[in-house]
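# Need the 3D shape of this:
(one chain, ligands or ions: 1)
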Amino acid sequence: NEEKRAYGQLVNGVKQLAEEKFQALIEKVAAANQKQKTADIDLTLPPSNSPLGAIHPLTATRQRIIEIFERIGFNLSEGPEIEDDWHNFSALNFPENHPAREMQDTFFIEKNPDIALRTHTSSVQVRVMENQKPPIRTLSPGRVYRNEAISARAHCIFHQVEGLYVDENVGFADLKNTLYHFAKEMFGKETKIRFRPSFFPFTEPSAEVDIFFNGRWIEWGGCGMVNEKVLVACGVDTKKYSGFAFGMGLERTLMVKYGITDMHDIVEGDVRFTQSFGVGKK
Ligand code: PHE
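Here you go, the predicted structure:
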């Protein structure tokens, strides 16, 4: 009992000492933090920009094409990149032994001659006509594949944009005016285009479209009135309806518009190329 008091004082002393030390330590750490903060942050420095990505010019061009056709009433449709013979060839009136079906042009899947990587977006026309009643106004952008030698002007993977218009009383003049309108919107008011008679199994008559740009004519796409055989194969009433179709290369459109001479720049994904079109800009 006698020792209780002295002992209590002793313990209290230790407690106080510990508290003082603890408090001093807290203050020391806080002071050190404060010092470090003021040393590290210089609020007068200009901010450094973090690098931004850029929209790929192909994506931007695709978007621009869609916008132009959207405003004249075209909707968007897509189809599979792995296609069957019917949608890629047969329904489009390719004869049984047409050279385009042969191995050198088409990538077939696992030696099954019925399944291939689509060689053009015209396959989507077939799918749309099979599933929708006219009037049809649709745009089908997409990736296509051809077993071709890779060069500055060609690649085995590229992109096309297909257009299809089926309604009553559709004529070649409608086709011409639609493409003319598009060319002016895409390349500028003064743009000239010309139609050269051509052949596609799925259009009759057919034409190739050239565009006059930077002082010369450049091949740009194909078009024509949808062949009656194709309309019949897709279940469209040919007594009532006719239609036109066109297809253009997206890379080609981009090359024409920006004077790009080597296809590799477009497909290789070098960010310096992409950024040269403006960060985030269309
Ligand atoms: N599918 C054709 C091609 O790949 C282009 C085309 C589309 C031609 C529609 C006429 C009509 O070359």
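# For the chain, which segments count as strands?
Ranges of strands in the chain, per DSSP state E, are 75-76, 82-84, 108-109, 112-117, 136-145, 157-167, 192-200, 203-213, 216-226, 242-249.
# which helices and strands sit right next to the second one?
Spelled out, it's strand 82-84. If contacts are counted by 3 or more CB pairs under 8 Å, 6 or more residues apart in numbering; DSSP states H and E, strand 82-84 sits against strand 112-117. The way it works is simple: take the backbone N, C-alpha and C, and place the C-beta from them, glycine included.
# which neighbours does the strand it packs on have in its sheet, and in what orientation?
Using DSSP bridges, strand 112-117 pairs in its sheet with strand 82-84 (antiparallel), strand 108-109 (antiparallel).
# how about the strands of the chain in JSON lines, adding distance to the ligand?
Below are the strands of the chain laid out as JSON lines (distance: least, CB to the nearest ligand atom, whole Å):
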{"stretch": "strand 75-76", "distance to the ligand": "17"}
{"stretch": "strand 82-84", "distance to the ligand": "13"}
{"stretch": "strand 108-109", "distance to the ligand": "18"}
{"stretch": "strand 112-117", "distance to the ligand": "13"}
{"stretch": "strand 136-145", "distance to the ligand": "7"}
{"stretch": "strand 157-167", "distance to the ligand": "6"}
{"stretch": "strand 192-200", "distance to the ligand": "5"}
{"stretch": "strand 203-213", "distance to the ligand": "5"}
{"stretch": "strand 216-226", "distance to the ligand": "3"}
{"stretch": "strand 242-249", "distance to the ligand": "3"}
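# tell me the contacts of the closest residue in space to residue 89 that isn't next to it in sequence?
In space, and not counting its chain neighbours, residue 89 is closest to residue 101: 5.8 Å by CB to CB, 6 or more residues apart in numbering. Residue 101 makes contact with 85, 89, 94, according to CB atoms under 8 Å, 6 or more residues apart in numbering.
# Redo these as CSV? Include pLDDT and distance to residue 170.
Compiled in CSV, those are given as follows (pLDDT from 0 to 100; distance: CB to CB, whole Å):
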residue, pLDDT, distance to residue 170
85, 92, 28
89, 93, 24
94, 91, 23
